[in-house]
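Engineer: Turn this into a structure:
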Amino acid sequence: MPELSVIMPAYNEELFLEEAIQSILGQSFSDFQLTIVNDNSTDGTQKIIERFVQSDPRVSCIQNTTNLGPAKSRNLAIDGTNTPFIAFMDADDIAVSTRFEKQLAFLRKNPTIGVCGSWSIVFGDKKAILSNDVDHEKIKVGFLSHCAVHNPTVMLRRSSLGALRFDEKMMVGEDYSLYSQLIATAKFHNLPEKLMYYRWHQNNISQTRITALHASELAIRSKQLSNLGIRPEDPNLQNYIYTVSLKRRQSQESTIKTIRCGQRLLELNRDLAYFDQKILEKHIHTVLIRTIRNTAKYNRSFLKYLKNESGFFAKMPKVDFVVLFLKSFFN
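Structural biologist: Prediction:
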């Protein structure tokens, strides 16, 4: 039995699929099986897959008869394999040839780590570096505001995944949902190496379904906050979310409420110790300072609150104090 299963869902990816598959088959570590899930594509995706299935015994295909979406497609492949390690890959990205070798070496050397991601190079219509936090406790806090691992770079232990699966009701954000739950029971690590080329183009899910993605993110952050005792029906839930994930152009009243919610979250975590207190405090303080900086309007009473009651005035850079003062008196 191979040591590693590689799972790649594909839907109408004929333009990029061959390059993605070749980047997997050309890995320096070769003891793996590649399962490609054709999600009822209507272009030439299946022909490309069949060519690789015939030429390399490591490649197999699951053919969906209806379009099930990436979550269900990945789950089908997960349940159809039994290797100790699982790696995810998107059908339009390119893996660096040493990706599997380096991730497996790290996981073997660190048996307490259950999930290993890496950094990525964004190419195509956009150029950037995706560099998430490296260590577990920072990643854990990071999930309060974003998916702190990049799914196409993830390799994980099957034993760490357990019965958890991608949420099949979600058409976007299913990776964020899964990992934000998994981090409660498994340790995470991001290798600070660029082991993936992430292709940015017009059909990226995160661009074409942006409204649905935002709704999913809010639900996921709400669930994360429940670890600190914040209930979905809490009347201040929105401001608790704003405390950990920046909301620009809030009113003065909303900003004040958000600051108080941030103070409350730190009090709750001090008792529950779910997050590392210093890391959470730094994260919340950073978000709140940016919130103050981006508040829609300023006046003298707001400036007075910030100076005398908020507890954040002394933490703000001097340049922010000058800007706040000028806006409060001369707006």
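
Engineer: ok, how many other residues are close to the closest residue to residue 50 other than its chain neighbours?
Structural biologist: Nearest residue to residue 50, sequence neighbours excluded (Cβ to Cβ, 6 or more residues apart in numbering): residue 61, at 7.3 Å. From N, CA and C alone the C-beta is placed, and that goes for glycine too. Residues contacting residue 61 under the criterion other Cβ atoms under 10 Å number 16.

Engineer: Now the residue lying closest to residue 110 once chain neighbours are set aside: phi and psi?
Structural biologist: Using Cβ to Cβ, 6+ apart and skipping the chain neighbours, the partner closest in space to residue 110 is residue 189 (7.1 Å). When quoted as degrees, to the nearest 10, the phi and psi of residue 189 stand at phi -160, psi 140.

Engineer: Count the residues that sit near the residue lying closest to residue 228 once chain neighbours are set aside.
Structural biologist: Nearest residue to residue 228 in three dimensions, chain neighbours excluded: residue 268, at 4.4 Å (Cβ to Cβ, 6+ apart). Neighbourhood size, residue 268 [other Cβ under 10 Å]: 16.

Engineer: do the same with the one 5 residues further on
Structural biologist: Other residues within reach of residue 273 by the criterion other Cβ under 10 Å amount to 8.

Engineer: Strands of the stretch 101-250 of the chain, residue ranges please.
Structural biologist: 113-124, 128-130, 155-157, 187-200 (DSSP state E, counting those that start in this stretch).

Engineer: Now do the host helix or strand of the residue nearest to residue 228: which elements does it pack against?
Structural biologist: Residue 268 is part of helix 252-272, with elements assigned from DSSP states H and E. Packing partners of helix 252-272 (3 or more Cβ pairs under 8 Å, 6 or more residues apart in numbering; DSSP states H and E): helix 237-244, helix 277-293, helix 300-308.

Engineer: Show me the one of those that comes nearest residue 105.
Structural biologist: helix 277-293 (27.1 Å; Cβ to Cβ).

Engineer: Any stretches of this protein with poor pLDDT?
Structural biologist: Applying pLDDT under 70 to the chain flags the ranges 203-208, 309-316, 318-331.

Engineer: Phi and psi next, for the residue nearest the centre of it.
Structural biologist: In the chain, the centroid-proximal residue (Cα atoms, centre = their mean) is residue 147; its distance is 1.7 Å. For residue 147, the backbone dihedrals (degrees, to the nearest 10) come out as phi -80, psi 110.

Engineer: For it, which residues are in contact?
Structural biologist: By Cβ atoms under 8 Å, 6 or more residues apart in numbering, the contact list for residue 147 reads 173, 175, 176, 179, 180.

Engineer: mind redoing it with 10 Å?
Structural biologist: 117, 132, 173, 175, 176, 177, 178, 179, 180, 217, 220 (Cβ atoms under 10 Å, 6 or more residues apart in numbering).

Engineer: and residue 246, how many neighbours does it have?
Structural biologist: The burial count for residue 246: 16, using other Cβ under 10 Å.

Engineer: An error on my part: the question was meant for residue 159.
Structural biologist: Neighbour tally, residue 159, other Cβ under 10 Å: 10.

Engineer: distance of it from residue 209?
Structural biologist: 33 Å (Cβ to Cβ, to the nearest Å).

Engineer: So the residue nearest to residue 50 is in contact with residue 38, correct?
Structural biologist: Yes - between residue 61 and residue 38 there is a contact under Cβ atoms under 10 Å: 6.1 Å.
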